[in-house]
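1. Pasting the sequence and the predicted coordinates here, then a few questions.
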4 protein chains.
Amino acid sequence: MATLQKSIDKRNALIKATIELVNNNGFHATPMSKIAKMAKVSPATIYLYFENKQDLVNQTYIEVKAAYTAYAFATYHLNMPVEEGFETIWKRIADFKLKDCENAMFLAQCDNTPMIDEPSRQEGIKHLEPLLELWARGKKEGIIKPISDYLLYAYAINPLSFLMMSAKRSAFTLDKTHMEEAYRAAWNSIRVIK
Amino acid sequence: MATLQKSIDKRNALIKATIELVNNNGFHATPMSKIAKMAKVSPATIYLYFENKQDLVNQTYIEVKAAYTAYAFATYHLNMPVEEGFETIWKRIADFKLKDCENAMFLAQCDNTPMIDEPSRQEGIKHLEPLLELWARGKKEGIIKPISDYLLYAYAINPLSFLMMSAKRSAFTLDKTHMEEAYRAAWNSIRVIK
Amino acid sequence: MATLQKSIDKRNALIKATIELVNNNGFHATPMSKIAKMAKVSPATIYLYFENKQDLVNQTYIEVKAAYTAYAFATYHLNMPVEEGFETIWKRIADFKLKDCENAMFLAQCDNTPMIDEPSRQEGIKHLEPLLELWARGKKEGIIKPISDYLLYAYAINPLSFLMMSAKRSAFTLDKTHMEEAYRAAWNSIRVIK
Amino acid sequence: MATLQKSIDKRNALIKATIELVNNNGFHATPMSKIAKMAKVSPATIYLYFENKQDLVNQTYIEVKAAYTAYAFATYHLNMPVEEGFETIWKRIADFKLKDCENAMFLAQCDNTPMIDEPSRQEGIKHLEPLLELWARGKKEGIIKPISDYLLYAYAINPLSFLMMSAKRSAFTLDKTHMEEAYRAAWNSIRVIK
DNA sequence: CATGAATGAGGATTCATTCAT
DNA sequence: TATGAATGAATCCTCATTCAT
């Protein structure tokens, strides 16, 4: 028991350190030794939990992505009307990006970099299924525009990443009002306007 | 002069090689030696044109960003009505991302990574001025929503980067129809809807 | 005792694993962890039976060498005539190299490498005494050439190692006929030819 | 000129260092850093001349083997009678093992270890052709026993390696007399005895 | 006795950068 | 200006060995 818990703790510490360091320096500029040090572990210990550096980021990515989608869909129900469903999911995602900024930034960096290998990337995408189904329903009901899911994602969801990065970097702050405005923009970009 | 031209050629070859290699491998996974080899130049020669690796990417970034904005605003005139002006700029940007994919991808990677230093990043942003002015005008005229430029950018422009990356990676293709749909989504997300 | 037997089994398993792995990869390319895994034992357990890696190979060497000489002299009697005695021993040695190939190869590698420490090497040589005595007798009787034992060994015994290694590596096969020819060559190289 | 010579010198220094260190410690116990230090070169410099550690030993092996066989056959002529030819070659080989002890020991260790990869090993064997041809001639003329070349080599040539190693290790000295005796043993083991 | 987890020291290799020419 | 050779400082990873249980 105690020893199993300690193992889990160590793994978590490693993943957390990876996120923080990669966020600040990028994948290749964060040596294993620093990750080890931040996780208060010997460099060699990393290799008890992960095959190599690539595996470490891959697994970190998958884990964070899973947490992200779990959070995103936690309050969503299949029987919600389309618009309510979308708003529910969108606001949870926005919430995640605001509150779990470290993790969100890590995902953003992973998604725009040849840092994660293809299989892990695919693995990460799988969890988005409920959103795609909601959109399919919305299209059938004539509420959502009948366009590619890539387009819907590009306009409805992805801008949040940009806003979060901007908030991190510049003076722009992502407050409640901005969020409401962002939501309107997102919804308007994908709904059918009569 | 022949020798001046040769110098410019070399510099350009280096910048081109940097873009291609960083696109495929990321900043830290592209050694100076490879850049030199691809540019058909000795590693030492790089240091005649650039202070160090960081300086090389910074300058590459600024140069590409300048080319990008020059292209974006080439057909835009200050006396265009707001909507026409936006459409003009938007379509040029879209065009750039489609046709000058290498450069566009490089910018996307730079913008989502701690790879470029802050001063160069600021330098790159400066060139967007005309777009911001257009938006200011649009807001005054009640055509564009009175919200932060960050939000406008996030919904009107940034999705194009996501679409381009998706097109590069997956089976999604960014054809004429998609572009038109994307434009509608972009415009709808920022215009005032009565 | 059941537990004593289990201890002996473990020790033997470790020695066997050492031989097999060192044969295939060499001393320094066989990690303790692999030895442990092959012996179905924890790495830490090795240190209950052996002081360290060097001690493990040393003891393995001595043990195999002892088994080798025991086999070599098993059918030899002190009252045999010199030639018969030599043939008896030689054929047993040849037999060992053919049938107990793994062990024989291990010895060959030890004998040509700075892998075993000097004391253990000396320990291994001790067991050859009966052969040296036979040669002494043969010299006295004018049957064996009056030359250094090193020379006798080099020509009478050592070639078998080379033949075995060749058989392992190349297409050469060490069959009955070859063995008979080898014996003639061995005997002719050390006997007094009138 | 001068710079080419310096390159050659460095390569030679590296090869020499490799031989000496591998002789004393074995392949896996000689770090590249030590080789570099002994050759008075930075570790990174090794990789300008050799692809990796394996390539370094392989090339060292091939080079030494070539020098060895060149020396062995330097005074041999195809029109020599078989026995004279054999004696000529044998004595040159013996001479090499005595005088160029470092190199000879290196070869011995390579030949009894999984240290050299198969292609390089084959490359090394090629140079022995003249000896095999001599033996073929000897067999045809009824002077050399009609047995496998492996057997001939095992008894005529290989014992010299054992003697050399013994001389290096123990109190045994390989003087002129011993050499003469060794030659007699070698010749007797392969010639047809009427 | 036995173990699996943990580790520090060290090894092969790479790379940004410099230097002699 | 241009270069190829050279390098010291890292970096990833392995491994003999130890320790808590």
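-> Perfect, thanks for sending it. Residues are numbered from 1 along each chain as shown, chains lettered A, B, ... in the order given.
2. Distance of A:N52 relative to B:T173?
-> Taking CB to CB, to the nearest Å as the measure, A:N52 falls 35 Å from B:T173. Any C-beta I mention is one placed from the backbone N, CA and C, and that applies to glycine too.
3. hang on, I meant A:K16
-> 39 Å.
4. Among these two, which residue is more densely surrounded?
-> A:K16 (16 against 11; other CB atoms under 10 Å in any protein chain shown).
5. how near is that one to A:I93?
-> 22 Å.
6. separation between A:C110 and DNA strand F?
-> 16 Å (CB to the nearest atom of the strand, to the nearest Å).
7. Kindly tell me how buried that residue is, as a neighbour count.
-> Neighbour tally, A:C110, other CB under 10 Å: 22.
8. Then A:T30?
-> A count of nearby residues for A:T30, using other CB under 10 Å, gives 21.
9. Pick out the residue of chain A closest to DNA strand E.
-> Nearest to DNA strand E in chain A, going by CB to the nearest atom of the strand, is A:A44, at a distance of 2.5 Å.
10. what's the helix or strand for that residue?
-> Per DSSP states H and E: A:A44 is located in helix A:43-49.
11. what about that helix, distance to the chain center?
-> The chain centroid and the centroid of helix A:43-49 are separated by 26 Å under CA atoms, centre = their mean, to the nearest Å.
12. if you count residues, which helix in chain A comes out on top?
-> In chain A, taking DSSP state H as the definition, the longest helix is helix A:2-25.
13. Go ahead and produce PDB holding the CA coordinates of it.
-> Extracted in PDB, the C-alpha atoms of helix A:2-25 (Å, rounded to 0.1, in the frame of the first residue of the first chain):
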ATOM      1  CA  ALA A   2       2.300   2.700   1.300                       C
ATOM      2  CA  THR A   3       4.900   1.700  -1.300                       C
ATOM      3  CA  LEU A   4       2.400   1.700  -4.100                       C
ATOM      4  CA  GLN A   5       1.300   5.100  -3.100                       C
ATOM      5  CA  LYS A   6       4.800   6.300  -3.100                       C
ATOM      6  CA  SER A   7       5.300   5.000  -6.600                       C
ATOM      7  CA  ILE A   8       2.200   6.800  -7.800                       C
ATOM      8  CA  ASP A   9       3.400  10.000  -6.100                       C
ATOM      9  CA  LYS A  10       6.700   9.800  -7.800                       C
ATOM     10  CA  ARG A  11       5.200   9.300 -11.200                       C
ATOM     11  CA  ASN A  12       2.900  12.200 -10.600                       C
ATOM     12  CA  ALA A  13       5.800  14.400  -9.500                       C
ATOM     13  CA  LEU A  14       7.600  13.500 -12.600                       C
ATOM     14  CA  ILE A  15       4.700  14.300 -14.800                       C
ATOM     15  CA  LYS A  16       4.100  17.600 -13.000                       C
ATOM     16  CA  ALA A  17       7.700  18.600 -13.400                       C
ATOM     17  CA  THR A  18       7.700  17.700 -17.000                       C
ATOM     18  CA  ILE A  19       4.700  20.000 -17.600                       C
ATOM     19  CA  GLU A  20       6.200  22.900 -15.800                       C
ATOM     20  CA  LEU A  21       9.600  22.700 -17.400                       C
ATOM     21  CA  VAL A  22       8.400  22.000 -20.900                       C
ATOM     22  CA  ASN A  23       6.000  24.900 -20.600                       C
ATOM     23  CA  ASN A  24       8.800  27.200 -19.800                       C
ATOM     24  CA  ASN A  25      11.600  25.900 -22.000                       C
END
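14. Check which helices and strands the helix or strand that it is followed by sits against.
-> Next helix or strand after helix A:2-25 toward the C-terminus (DSSP H and E): helix A:32-38. Here helix A:32-38 touches helix A:2-25, helix A:43-49, helix A:53-73, going by 3 or more CB pairs under 8 Å, 6 or more residues apart in numbering or on different chains; DSSP states H and E.
15. From the contact counts, what lies against the first one?
-> Translated: helix A:2-25. Using 3+ CB pairs under 8 Å, 6+ apart, helix A:2-25 sits against helix A:32-38, helix A:43-49, helix A:53-73, helix A:101-111.
16. Report the contact partners of the residue of chain A found nearest chain B.
-> Residue nearest to chain B within chain A: A:H28 (2.7 Å; CB to the nearest CB). Neighbour list for A:H28: B:G26, B:F27, B:H28, B:A29 [criterion: CB atoms under 8 Å, 6 or more residues apart in numbering or on different chains].
17. thinking again about what came up before, can you lay out the helices and strands packed on helix A:2-25 as JSON lines showing mean pLDDT?
-> Converted to JSON lines, those look like this (pLDDT from 0 to 100):
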{"stretch": "helix A:32-38", "mean pLDDT": "96"}
{"stretch": "helix A:43-49", "mean pLDDT": "97"}
{"stretch": "helix A:53-73", "mean pLDDT": "96"}
{"stretch": "helix A:101-111", "mean pLDDT": "92"}
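18. any weak-confidence spans in chain A?
-> For chain A, the stretches flagged by pLDDT under 70 are A:1-2.
19. Can you give me the domain assignment for it?
-> Following automatic domain parsing, one gets these domains for chain A: A:1-50, A:54-190.
20. deepest of those domains, which one?
-> Ranked by mean neighbour count, the domains of chain A are led by domain A:54-190 with a mean of 18 (mean count of other CB atoms under 10 Å in any protein chain shown).
21. That one and DNA strand E, any residue contact?
-> No - on the criterion CB under 7 Å from any atom of the strand, domain A:54-190 is out of touch with DNA strand E, staying 14.2 Å away.
22. circling back: could the domains of chain A go into a markdown table alongside distance to C:N188?
-> Converted to a markdown table, those look like this (distance: least, CB to CB, whole Å):
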| stretch | distance to C:N188 |
| --- | --- |
| domain A:1-50 | 58 |
| domain A:54-190 | 62 |
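23. quick one: which of those is nearest C:L134?
-> When the domains of chain A are compared by CB to CB, domain A:1-50 sits nearest C:L134, at 54.2 Å.
24. The helix holding A:A44 near chain C anywhere?
-> No - using CB under 8 Å from any CB of the partner chain, helix A:43-49 never reaches chain C; the gap is at least 11.9 Å.
25. any residues touching that helix, and which ones?
-> A:S7, A:K10, A:R11, A:L14, A:M32, A:S33, A:I35, A:A36, A:A39, A:L56.
26. The residues you listed: which two are farthest apart?
-> The most widely separated members of the contacts of helix A:43-49, counting by CB to CB, are A:S7 and A:S33 (21.0 Å).
27. picking that back up, DNA strand F: which of the contacts of A:H28 is nearest?
-> Once CB to the nearest atom of the strand is applied, the member of those that ends up nearest DNA strand F is B:H28, at 9.1 Å.
28. What values do phi and psi take at the closest one?
-> phi -80, psi -10 (degrees, to the nearest 10).
29. Now do it against D:Y68, distance only.
-> 46 Å.
30. cool, A:A66 as well?
-> 63 Å.
31. my guess is A:L134 meets A:E83, correct?
-> No - if you go by CB atoms under 8 Å, A:L134 and A:E83 don't touch, sitting 10.0 Å apart.
32. Not counting its neighbours along the chain, what's nearest A:L132?
-> Spatial nearest neighbour of A:L132, chain neighbours left out: A:D149 (5.7 Å); criterion: CB to CB, 6 or more residues apart in numbering or on different chains.
33. A:A29 too?
-> A:A29 sits nearest to B:H28 (CB to CB, 6+ apart), 5.6 Å away.
34. repeat for A:R92
-> What sits nearest to A:R92 in space, not counting adjacent residues and going by CB to CB, 6+ apart, is A:A72, at 4.9 Å.
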